[in-house]
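**Q** Sequence below, structure please.
(chains A and B)
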Amino acid sequence: MQLEPRPRPPLGVVFDCDMGNSIDDALALSVLYGLDGKNECRVVSISTSKPSLRSAAMCEVIGRFYAGAVSGAFSAAGRTLPTGMAVKGAHPEDTPMIKAVLDRVGADGKPVYQHGIEKLVDTAEAEALIRNAFTSQYDQNCVVVITGPATNFRKLLELPGIKELITAKVRTLVVMGGKYPSGGPEYNVKLDIAAAKKLFAEWPGEIIASGEELGEQVLFPVEAIDTKFSWAANHPTVDAYRAAEKMPYNAKCWDVTAVLQAVRPKEAYFKLSEPGRIEVMDDGRTKFTVAADGKHRYMILDPEKKAAVVEAMVELASAKPVVRQRRFRPQNEQKKEEKKEEQKKS
Amino acid sequence: MITKKALPRRTFLRGLGAAVGLPFLDAMTPALSAAVKPPVRMGFVYVPNGMDVRNWNLDYEGKLGQLSRIMAPLEPHKEDILVTSNLTHNNGRALLDGAGDHGRCCGSYLTGVQPRKSAVDIKCGISMDQIVANEVGHKTRFPSLELGLEDARQAGDCDSGYSCAYTNNLAWRSETQPLPPILDPRALFERLFGADAGLTPEEKAQRNKYRRSILDFVQEDTKRLQTNLGPSDNRKLDEYLSSVREIERQLERAEKDNAQIDPGMPKPYGVPADFAEHFKLMTDMLTVALQSDMSRVFTFLVTREGTSRAYREIGISDGHHPLTHHQNQAALMEKVSQINTYHVKQFSDWLGRLKSIREGDSTLLDNSMIVYGAGLCDGNRHNHEDLPTLIAGRAGGYIKSGRRVVYRKETPMSNLFLTMMDQMGVKVDNFGDSTGALDGLALS
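**A** Residues are numbered from 1 along each chain as shown, chains lettered A, B, ... in the order given. Here you go, the predicted structure:
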């Protein structure tokens, strides 16, 4: 049952990544929290398809950096948004960017960045977490962003009743994966071909794909790392950036572009292909076929918008965390104050 | 005693309008044949208003060692319980339906679905105990038993627009039909042993007039059976019938006491004024019902969800529900812990009785799986993850108890129920919001 006693909250975003495999995921999550801070969306689920507690821990570090130990979306219940994690999958190993963040200690010998993930039971079953996030969203007020292998969604799509739930709740799935109009195999698809095949074949709603060819043309300017984040003495995304590749480098933004498309479609940062169908071949190559009734499209770089995209990425990724009040509390406080004033007058 | 022919499991002692089931006797196992395993019983003991989780939670996994303050009364049964953590009922959460966590948490507890927010147009789901009862209930006299200790109102708004049907029932026969718990010990007694079906009003009046024991009515049948049983079975039968007689005495005492006590509140006839006594009386009868295989499935709503019952028996005159909204005030939290511990104490005492009943090489508790838990985690926060839950008994050897198992966050409570249904021989692909069977119950 869906009651609508109040205006709809901002768009809910389900974010599934492979945090640690490239700096792009960290940048994408930072941009997402930048959008969250502007009330353009709410991060309602974070999960990683990289089967690594350290990958999940890094997601949580970034989440806590922006939203606090008790995240905004769940502050009413006084709990932290749990991080979902795949238990099986590709590349479980640690990477330099994960080490740079999780192993960094301060002068007191304590970790600079806090998280609560030490054991498997500190993470969530990703498919349950994502499904549960859908259930708490208003109809068509949720988007999904996948920036890693679709491993977690393979399991999600096996849950009973999930396709009806997705149809009701999810406006769009934006997935970083594949090469368009045809090519590959692209990295994310190749890491879990079976999951990608299932995702493109069975996802019941609209899919917009951010292809390998797009992200290679959109670069995060390394100068911004030194200049735009200076307000923070310690910033996990900055530490990760510096460790991920040999500095200086401009990071390719496959994942950040997906986030921008998902949350700001009206900005039309990217052109979209005609509707059609994306098919994943057995060897991981992707092929787009135009079809009037197709639910799939892929993103195309618009040279005229490229500067605006980079500007938005930098501004959002480097935004300061926003401390959010508990929902509706300000109004309640205001009412209390008004009542007090009335009593005084009477 | 060796017999070629086994006594049927569903033998009853019969008399004038009365039928008393029998416990599991050696004579029910045919000698020189494959051993017959006692049946597995499944039940749920639900406590309301969440828990003071500071004093419930354990800070370790694996083998049970030092129990938490609230679980401390279970110390004698530490090897017989399995404590689980992180099980979640997502459908108890608001999910856009606003306030009403008490209504939702109880309504969704065994159904796994989110109840419709309405005080009149109720809709929930068939509860898992009833799915099991529908499948295995034909093997026993009662497919399931529903017990409670407080308030069986079925109409009205009990929590922010949620019907009392949600807060006052655990078992649901269908989406719209809850099965109200029996609260009155006399009513339970008559349902189990009683006689309403076979007695004329005159006969019933005669029986009540003379206050004869129900055992008197089955005396002839008892004697006949005793001559065919070995010494061990005769001892078991004697103990069993003595426990039935003791329940009758308790009922008589309760009814006599009630005539002299002004409880200051409406109270059904025959209900003991003391909480612990009421709990014991109901569970004594439940024990007999399980022992004699009258039923293998039960739900026990200790008190209604959201209850504001006071516990003057232990010196707490504040209502339970208001206390749980303690806003972290130490004095109030202390009282919540005391109530939680008091409930666990009654449960523990009952487990002791279940454990004392032998069934072949095992006990009645060994052959049971009884979930003790709450539909809210912390009553102050109204959260629906990490629900306080433990399972007493070994389900006939399946559950390796004496441990605490911590599951991954958001693991559906429905996964536990799916596994329990499987242990009862009911195979379903999914239930509620389950994502699969629950691992870890059988691991050593």
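**Q** Report all helices and strands that the helix or strand hosting B:Val136 contacts.
**A** Using DSSP states H and E, B:Val136 maps to helix B:128-136. Where contact means 3 or more Cβ pairs under 8 Å, 6 or more residues apart in numbering or on different chains; DSSP states H and E, helix B:128-136 is packed against strand B:41-47, strand B:171-174, strand B:297-301, helix B:413-423. Quick note: C-beta positions are derived from backbone N, CA and C, even for glycine.
**Q** can you list the residues that contact the helix or strand following the first one?
**A** Under the assignment DSSP H and E, the closest C-terminal helix or strand after strand B:41-47 is helix B:53-56. Helix B:53-56 has contacts (Cβ atoms under 8 Å, 6 or more residues apart in numbering or on different chains) with B:68-71, B:333, B:337, B:340-341, B:377-378, B:386, B:388.
**Q** Can you classify A:Met299 by secondary structure?
**A** Under DSSP: H, G, I helix; E, B strand; the rest coil, A:Met299 falls in the strand class.
**Q** That one contacts A:Val259, doesn't it?
**A** No - counting by Cβ atoms under 8 Å, A:Met299 does not reach A:Val259; the two are 11.8 Å apart.
**Q** Give me the more crowded residue out of those two.
**A** A:Val259 (30 against 24; other Cβ atoms under 10 Å in any protein chain shown).
**Q** Near the closest residue to B:Gly62 other than its chain neighbours, how many other residues are there?
**A** Among residues not flanking B:Gly62 along the chain, B:Arg403 sits closest, at 5.9 Å (Cβ to Cβ, 6 or more residues apart in numbering or on different chains). Look at B:Arg403: counted by other Cβ under 10 Å, it has 20 neighbours.
**Q** Give me the residue ranges of the stretch 301-444 of chain B where confidence is low.
**A** Scanning the stretch 301-444 of chain B with the threshold set as pLDDT under 70 gives B:443-444.
**Q** Can you show me the helices along it?
**A** B:320-324, B:330-355, B:413-423 (DSSP state H, counting those that start in this stretch).
**Q** possible to save those helices as TSV with mean neighbour count and distance to chain A?
**A** Putting the helices of the stretch 301-444 of chain B into TSV (neighbours: other Cβ atoms under 10 Å in any protein chain shown; distance: least, Cβ to the nearest Cβ, whole Å) gives the following:
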stretch	mean neighbour count	distance to chain A
helix B:320-324	21	14
helix B:330-355	20	15
helix B:413-423	24	9
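**Q** pull the longest helix from chain B.
**A** helix B:231-260 (DSSP state H).
**Q** elements contacting that one?
**A** Partner elements for helix B:231-260 (3+ Cβ pairs under 8 Å, 6+ apart): helix B:185-193, helix B:214-217, helix B:219-226, helix B:275-291.
**Q** how about the second one: buried residues?
**A** When you say that, I think you mean helix B:214-217. Buried residues in helix B:214-217, counted by 16 or more other Cβ atoms under 10 Å in any protein chain shown: B:214-215, B:217.
**Q** between these, which is nearest chain A?
**A** Nearest to chain A, judged by Cβ to the nearest Cβ, of these is B:Ile214 at 47.5 Å.
**Q** Tell me the spacing between that closest one and B:Arg235.
**A** 21 Å (Cβ to Cβ, to the nearest Å).
**Q** And for B:Ser348?
**A** Taking Cβ to Cβ, one finds B:Ser348 at 26 Å from B:Arg235.
**Q** The nearest residue to A:Gln217 once chain neighbours are set aside pairs with what?
**A** Take A:Gln217 and drop its neighbours on the chain: the residue closest to it by Cβ to Cβ, 6+ apart is A:Leu301, 5.2 Å away. Here A:Leu301 sits in beta bridges with A:Phe270, as judged by DSSP bridges.
**Q** I figured A:Leu301 hits A:Gly215, correct?
**A** No - with contact defined as Cβ under 8 Å, A:Leu301 does not count as touching A:Gly215 (9.5 Å).
**Q** Looking at those two, which one has more neighbours?
**A** It is A:Gly215, of A:Leu301 and A:Gly215, that has more neighbours when counted by other Cβ under 10 Å, with 24 against 19.
**Q** what are the phi and psi angles of the more buried one?
**A** phi -60, psi -30 (degrees, to the nearest 10).
**Q** so it touches A:Asp24, yeah?
**A** Yes - between A:Gly215 and A:Asp24 there is a contact under Cβ under 8 Å: 7.2 Å.
**Q** what's the neighbour count on A:Glu311?
**A** When neighbours are defined as other Cβ under 10 Å, A:Glu311 has 12 of them.
**Q** just the one 3 residues further on next, same as before
**A** Neighbours of A:Val314 under the rule other Cβ under 10 Å: 21.
**Q** and if you look at the one 3 residues further on?
**A** Using other Cβ under 10 Å, A:Ala317 is surrounded by 28 other residues.
**Q** Please name the nearest non-neighbouring residue to it.
**A** When the adjacent residues along the chain are set aside, A:Ala317 lies closest to A:Ser30, with 4.3 Å between them (Cβ to Cβ, 6+ apart).
**Q** cool, and B:Ile316?
**A** B:Lys335 (5.2 Å).
**Q** Also A:Gln137?
**A** In space, A:Gln137 is closest to A:Gly12, 4.4 Å off (Cβ to Cβ, 6+ apart).
**Q** before we move on, which element is the one you found in?
**A** strand A:11-17.
**Q** Tell me which strands that strand pairs with, and in which orientation.
**A** Take DSSP bridges as the rule and strand A:11-17 pairs in its sheet with strand A:41-48 (parallel), strand A:142-146 (parallel).
**Q** What are the buried residues along the shortest one?
**A** Yep, that's strand A:142-146 we're talking about. Applying 16+ other Cβ under 10 Å to strand A:142-146 flags A:142-146 as buried.
**Q** who's in contact with A:Val170?
**A** With Cβ under 8 Å, 6+ apart, A:Val170 has these contacts: A:134, A:140, A:142-144, A:205.
**Q** What score does the residue nearest to A:Pro248 when sequence neighbours are not counted have for pLDDT?
**A** Sequence neighbours aside, A:Val222 is the residue nearest to A:Pro248 in space, at 4.4 Å (criterion: Cβ to Cβ, 6+ apart). For A:Val222, the pLDDT comes out at 98.
**Q** Same check on the one 3 residues further on?
**A** Predicted confidence (pLDDT) at A:Ile225: the value is 97.
**Q** if I've got this straight, it is in a helix?
**A** Yes - assessed with three-state DSSP, A:Ile225 lies in a helix.
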